[in-house]
Every structure is written in C-alpha cells, then in structure tokens.
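# Sequence and predicted model, in that order:
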Amino acid sequence: MVLFIFSCKYIRTKIIGRIRAERMIFETHAHYDDEQFDTDRDELLNAFYENGIGYVVNVGASLKSTQTSIALAEQYPFVYAAAGVHPNETAELNESTFEWLRKQCLHKKVAAVGEIGLDYYWDEPSHEIQKYWFERQLVLAKEINKPVIIHSRDAAKDTYDILAAQDAGEIGGVIHCYSYSQELALMYVKMGFYIGVGGVVTFKNAKKMKEVVEAVPIEKIVLETDSPYLAPEPNRGRRNSSLNIPRIAQEIAQIKGISYEEVIAVTEQNARDLYRI
Ligand code: NI
C-alpha cells in the first residue's frame, strides 16, 4: 500500500507539466529561495498542485539567488528559474561574474533573464552603474533569445527609454509589479510587454493600479505575487505565497467584469507565451 501511494505520487509528479486537462494558476514571479521559507518550503511547494497552481517562476535577484533559483527549478518539475541581478545588487557585477551569469542563463530551466532594471528609491549603487548593468543584461537576453523580467521603481522615464532604445519589445518580457500610470502601461503593451499584476491591486488605496488593470487587455496581464513580499488583502503585511493568487485573480475578474475562471485560463496562456513554456 505504501509503495502504491508512493508510485502514484511519483507518476503524478512526472506528468505535471505534460498533461493537464484543466487550466492552472501560473505564478510568474516569486522568491521561494528566501529564508522566510526555510521552515516549510517543501511542504508549501508540494501543496501547490492540489491548490490549482501549476507553474512557478522563481526569480533571481543576485548572483546567489540566481544559483538558488536554479537549484529549486532542478528540484521541482513545475518550478522554472529566472537568472539576473536586481538593480540594487549590481555592484557585485564585473566581467567575470557577468560571464558566470551568462552561463546560468543558458540552463534549460532558466525561462527568463531577471529581475533586472532600475530602482531609484535606493541610491546605491549609482544610477550610472544601475543603467550600465541593466543594458548589459538586456543585451545578454537578446543574445540568448530569452524574455526579460523588469523591475522598475521610481525610474519610469529611464526604464522606458532604455527598453525602447534596446528594442526590448523584440525579445518580450514582463514589467513586474507594475506601479506606474495607465498611459505608460499601454505604451509597454504596445512595445510587446506583459504587465505583472500582484497583491497591490487588492489594496484599498490602489486606485491607480485598478485603473491600469481596467485599461490593459486581459491578454496582456500575468499574475504574480513577489512572495514573500506584497501579500494581498486581507493578508497584507504577512508572508506572501502563491496560495494567495486567487485573491488577486478575483480582484482582476471584478474590475474587468469577467469570470474568475477566465482570468486564470487567459493569464495561464499569457504566461506560457511570455516564458515559452
Ligand atoms: Ni521580485
């Protein structure tokens, strides 16, 4: 009996990612290598399938977390990785670490280069250094033909200008945790990007984000949590996980006047197109 249960579980794990009759939630941005998950990571991730979560992209934000993201992707069939260095971590990049990063990007379970971008909320490192390594990582993504995951905070104009100058729409990607205007969101969609919508859309004071969701076609929205950060209402302030995605999808369904099932189905397809999975 024990052996029977074990083999069923084994077979089920094997077919995840191959045969799926029903639409599954696609979590496009999480950080399960974060130490906040050290106590229950395995238990949590193993509960995803029965909770309708079919795919997770675990996003690197430094050299170290690129490595730990790839390790998670090797361990779990439904987890994919993104390899990249977050703007505030770019001081660790030099020619030799960048060469190491390039090699990681070629791993077969690395679905994207990210998260990369600009973050002027923090002054370290300088804007010039952030811009330099943002451009280098964009060029890398183009060379290896993988999409990009963009992190942009308090840097709307520079981010847009660099992405436009690099023709980044050609490789495509997602503006993760989108936080700017409706107009700019539509400009990104036109350029070829998806808009990442997470827990913030459920906050009572998130008028701007609700307007963005109203304006952007559902075919250009992907679901994300940025776990362990940015938990949606009513869990705001607590540790986030992909189990909270239904709350985000419900909010989007309500704003757009469509069903919850449609949000899940369309965003799953969007994310698969985005990450080519
Ligand atoms: Ni993130």
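It's in. Predicted, not measured: the structure shown is a model, and the values here were computed from it.
# need the next SSE after the lengthiest helix in the chain, C-terminal direction.
Secondary structure assigned by DSSP state H gives helix 127-144 as the longest helix of the chain. Next along the chain after helix 127-144, taking DSSP states H and E as the criterion, comes strand 148-153.
# And for that next one, what's in contact with it?
Strand 148-153 is contacted by residues 29, 57, 59, 61, 82, 84, 86-87, 112-121, 137-138, 141, 159, 163, 168, 171-177, 179-180, 193 when judged by CB atoms under 8 Å, 6 or more residues apart in numbering. The way it works is simple: take the backbone N, C-alpha and C, and place the C-beta from them, glycine included.
# by how many degrees do the longest helix of the chain and strand 148-153 diverge?
Inter-element angle recorded for helix 127-144 and strand 148-153: 160 degrees (by axes from the mean of the first three to the mean of the last three CA atoms, to 10 degrees).
# shaky segments in the chain?
Low-confidence segments of the chain (pLDDT under 70): 1-21.
# tell me the centre residue of it?
The centroid of the chain falls nearest to residue 29 when counting by CA atoms, centre = their mean (2.5 Å).
# next one: phi and psi at that one?
Dihedral angles phi and psi of residue 29 (degrees, to the nearest 10) take the values phi -160, psi 110.
# Relative to residue 175, how far out is it?
The gap separating residue 29 from residue 175 is 11 Å, by CB to CB, to the nearest Å.
# Check the contact lists of these two and give me the overlap.
Residues touching both residue 29 and residue 175 (CB under 8 Å, 6+ apart) are residue 196.
# Can you tell me what sits against the longest helix of the chain?
Contact with helix 127-144 is made by 84-85, 87-88, 90-91, 93, 98, 101-102, 105-106, 112-113, 116-120, 147-148, 155, 158, 162-163, 166, 168, 170-171, 173, as judged by CB under 8 Å, 6+ apart.
# same deal with stretch 158-172?
117-118, 120, 127, 131, 134-135, 138-139, 141-142, 145-148, 150, 152, 184, 187-188, 191-194, 274.
# ok, of the residues you listed, which come out buried?
Buried by 16 or more other CB atoms under 10 Å: 117-118, 120, 131, 134, 138, 141-142, 146-148, 150, 152, 184, 188, 191-194, 274, out of those.
# burial count for residue 207?
Using other CB atoms under 10 Å, the number of residues around residue 207 comes to 9.
# Check residue 119 too.
Applying other CB under 10 Å, we find 21 other residues in the vicinity of residue 119.
# Residue 26 too?
Residue 26: 26 surrounding residues under other CB under 10 Å.
# beta partners for it?
For residue 26, the beta-bridge partners under DSSP bridges are residue 55.
# Please report how far it lies from residue 219.
Residue 26 is 14 Å from residue 219, where distance means CB to CB.
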